[in-house]
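>>> Provide a 3D model corresponding to the input given below.
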Amino acid sequence: MLTKELMERIVAKNPGEKEFHQAVHEVFESLEPVLKQHPEYLKAKILDRIVEPDRQVMFRVTWVDDKGEVQVNRGYRVQFNSAIGPYKGGLRFHPSVNLGILKFLGFEQVFKNALTGLPMGGAKGGADFDPKGKSDAEVMRFCQSFMSELYRHIGPNTDVPAGDIGVGAREIGYLFGQYRRLNNRFEAVLTGKGINWGGSLVRPEATGYGCAYFCEEMLRTKKQDLKGKTVAISGSGNVAQYAVQKVTQLGGKVVTMSDSDGTVYDPDGIDAKKWEFVMDLKNVRRGRISEYAQRFGCEYWPGERAWKAKCDIAMPCATQNELEKDDAKRLIDNGVIAVSEGANMPCTPEAVELFLANGVLFAPGKAANAGGVATSGLEMYRNHIGISWSAEEVDRQLHQIMVNIHRNVADSAKKYGSPGNYVVGANITGFVKVASSMLDQGVF
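The predicted model follows:
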């Protein structure tokens, strides 16, 4: 197969970047029926071109901590593809950040953004900086130093970053302030901004809400919904927090949340009052999820993931490759009927294969977690035309975008011979839109 030969070249050309290889392989696996119908993509070397970022920027970030000591980190921006619009994708601040991780995330972002129907290309960036345990002043100094280099490479019609792991409202504020200082312009150059200065209502909630909305659309194909369903959610950051809230609002019962130290299991469910405790714990006090177990007297599983909990639905919302084959087998044995990825590529290929082989409804992250970037796109649009929308209006548009994504993905899967396979449907839908745009614009 042509894709197999190309995959071998990609692995050889990008050694050690396992997550990037995994993401590319997953997309390529889906494309054979498309390439048979569209040989023009092969003639124009679209596959060879689409796996190479337009540019990769790597830079030193030097800052001074509260003790007056100089610290040095490494910053990145990978601008992957802008065939359908300005580059768009988050910034991640975490010790695990490296070029391979960001290339995987940027590649995924290309297709995720295409699925939203909005004019956004794909990019990703960040730094190996850990905001955990840092004072606000230290985070501010780091963000200012980071933006002092990044500002050269971004702009409202060029590249519009957003937040990701380790980059929330605080970090976006500091980054935007430094951009404004350096450019002397107030521009729509970041999303996830504060409401008082151009941000969008529902943006913090959007990824988690969208994950729940997509899951509900999958369930509707089986004449079911989230009401009365038991849901296991991993993570306790932004995506997990709002996935918990929306699942609860839609009638489901969330029984788990987690962080890097372990998992809490609350068989009574994380209701609105308990959810407020989590929001204060994680966003204000920046504590560990184990405090939830102490406060509400439920089980705490130190060093363990959420997937041993008996549930109807699993939503991995923490990080890549957090749900492995053994976890998938345990979930299937416990009767799981649907999995909706809130994080980027949180299920390993072996786990995905097992879910699909056992008839579990499976929503890949590039479709199920597209709600965040979709709402960022709406924020960009609002900033350009200078209007504001109510929370209800943004949520309505977000819901409709997720319904549209589900419909388009399902239609593509059926059209190309894999009905019900959302992985194939998402990859093909995103690829065809980007590939046809690249073809229209010639070779460069």
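
>>> Can you read off the backbone torsions of the closest residue to Glu379 other than its chain neighbours?
Leaving aside its sequence neighbours, Glu379 sits nearest to Ser200 (C-beta to C-beta, 6 or more residues apart in numbering; 3.9 Å). (Glycine included, C-beta is placed from N, CA and C.) Phi and psi for Ser200, reported as degrees, to the nearest 10, are phi -110, psi 130.

>>> tell me the contacts of Ser200?
Shown in contact with Ser200 (C-beta atoms under 8 Å, 6 or more residues apart in numbering): 191, 193, 375-376, 378-379, 382, 389, 394.

>>> would you turn those into JSON lines with neighbour count?
JSON lines is the format used below for the contacts of Ser200 (neighbours: other C-beta atoms under 10 Å):
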{"residue": "Thr191", "neighbour count": "27"}
{"residue": "Lys193", "neighbour count": "22"}
{"residue": "Thr375", "neighbour count": "30"}
{"residue": "Ser376", "neighbour count": "28"}
{"residue": "Leu378", "neighbour count": "23"}
{"residue": "Glu379", "neighbour count": "26"}
{"residue": "Arg382", "neighbour count": "18"}
{"residue": "Trp389", "neighbour count": "17"}
{"residue": "Val394", "neighbour count": "21"}
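
>>> Sitting in helices, which of those residues do you find?
Using DSSP state H, 375-376, 378-379, 382, 394 are the members of the contacts of Ser200 that sit in helices.

>>> Look up how far Asp164 lies from the nearest residue to Met147 once chain neighbours are set aside.
In space, and not counting its chain neighbours, Met147 is closest to Gln178: 4.0 Å by C-beta to C-beta, 6+ apart. Gln178 sits 18 Å away from Asp164, taking C-beta to C-beta, to the nearest Å as the criterion.

>>> So which of the contacts of Ser200 is the closest to Pro15?
Taking C-beta to C-beta as the measure, Pro15 lies nearest Ser376 of the contacts of Ser200, at 32.8 Å.

>>> So the closest one versus Glu217, what's the distance?
Ser376 sits 21 Å away from Glu217, going by C-beta to C-beta.

>>> Ser412 too?
In terms of C-beta to C-beta, Ser412 sits 15 Å off from Glu217.

>>> Tabulate the contacts of Ser200 in a markdown table, adding columns for pLDDT and distance to Lys273.
A markdown table is the format used below for the contacts of Ser200 (pLDDT from 0 to 100; distance: C-beta to C-beta, whole Å):
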| residue | pLDDT | distance to Lys273 |
| --- | --- | --- |
| Thr191 | 95 | 31 |
| Lys193 | 94 | 30 |
| Thr375 | 95 | 27 |
| Ser376 | 93 | 30 |
| Leu378 | 93 | 31 |
| Glu379 | 93 | 30 |
| Arg382 | 86 | 33 |
| Trp389 | 90 | 29 |
| Val394 | 95 | 26 |
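
>>> Show me how far stretch 373-391 is from its chain's centre.
19 Å (C-alpha atoms, centre = their mean, to the nearest Å).

>>> typo on my end, it should be stretch 55-66
Computed by C-alpha atoms, centre = their mean, the separation of stretch 55-66 from the middle of its chain amounts to 23 Å.

>>> mind listing what's buried in it?
56-57, 59, 61, 63 (16 or more other C-beta atoms under 10 Å).

>>> so where's the chain uncertain?
Filtered on pLDDT under 70, the chain yields the residue ranges 1-2.

>>> Try it again at 90.
1-5, 165, 203-204, 286, 381-388, 443-444 (pLDDT under 90).

>>> Domain-wise, how is it divided?
53-186, 206-368 (automatic domain parsing).

>>> what about stretch 79-97, start to end distance?
Length of stretch 79-97, first residue to last, C-alpha to C-alpha, to the nearest Å: 16 Å.

>>> buried set for that stretch?
Here stretch 79-97 shows 79-94, 97 as buried, counting by 16+ other C-beta under 10 Å.

>>> repeat for stretch 354-368
The neighbour-count check on stretch 354-368 (16+ other C-beta under 10 Å) flags 354-356, 360-368 as buried.

>>> Same check on stretch 287-294?
288-293.

>>> Tell me which of those residues fall in helices.
In helices, defined here by DSSP H, the members of the buried residues of stretch 287-294 are 290-293.

>>> which one of the residues you listed is nearest Ala137?
Glu291 (25.3 Å).

>>> I'd like to know how far Ser82 sits from Asp164.
Applying C-beta to C-beta to Ser82 and Asp164 gives a distance of 19 Å.

>>> now Gly297
Distance, Gly297 to Asp164, using C-beta to C-beta: 34 Å.

>>> quick one: which of the two has more around it?
Asp164 (27 against 8; other C-beta atoms under 10 Å).

>>> Pop out the phi and psi values for the nearest residue to the more buried one once chain neighbours are set aside.
Computed as C-beta to C-beta, 6+ apart, the closest residue to Asp164 that is not its neighbour in sequence is Gly90, at 3.2 Å. Per-residue torsions, Gly90: phi -80, psi 170 (degrees, to the nearest 10).

>>> Just to check, Gln441 is in contact with Ser82?
No. With contact defined as C-beta atoms under 8 Å, Gln441 and Ser82 do not form a contacting pair (9.9 Å).

>>> List the residues that are in contact with both of these two.
Counting by C-beta under 8 Å, 6+ apart, nothing touches both Gln441 and Ser82.

>>> The most far-flung residue of the chain relative to its centre in helix, strand or coil?
Distance to the chain centre peaks in the chain at Gly68, reaching 35.4 Å (criterion: C-alpha atoms, centre = their mean). Put simply, Gly68 is coil when judged by DSSP: H, G, I helix; E, B strand; the rest coil.

>>> OK, contacts around it?
No residues are in contact with Gly68 under the rule C-beta under 8 Å, 6+ apart.

>>> do Ala169 as well
163, 192, 194, 204.

>>> list the buried ones in stretch 38-48?
38, 41, 44, 46-47.

>>> Alpha carbons of that stretch, as PDB, please.
Presented in PDB, the C-alpha positions along stretch 38-48 are these (Å, rounded to 0.1, in the frame of the first residue of the first chain):
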ATOM      1  CA  HIS A  38      -9.500  10.500  -5.700                       C
ATOM      2  CA  PRO A  39      -6.200   9.600  -7.400                       C
ATOM      3  CA  GLU A  40      -5.500  13.300  -7.800                       C
ATOM      4  CA  TYR A  41      -4.600  13.500  -4.100                       C
ATOM      5  CA  LEU A  42      -1.800  11.000  -4.700                       C
ATOM      6  CA  LYS A  43      -0.600  12.700  -7.900                       C
ATOM      7  CA  ALA A  44      -0.300  16.000  -6.000                       C
ATOM      8  CA  LYS A  45       1.500  14.300  -3.200                       C
ATOM      9  CA  ILE A  46      -1.100  15.600  -0.700                       C
ATOM     10  CA  LEU A  47      -0.200  12.900   1.900                       C
ATOM     11  CA  ASP A  48       3.500  13.700   1.700                       C
END
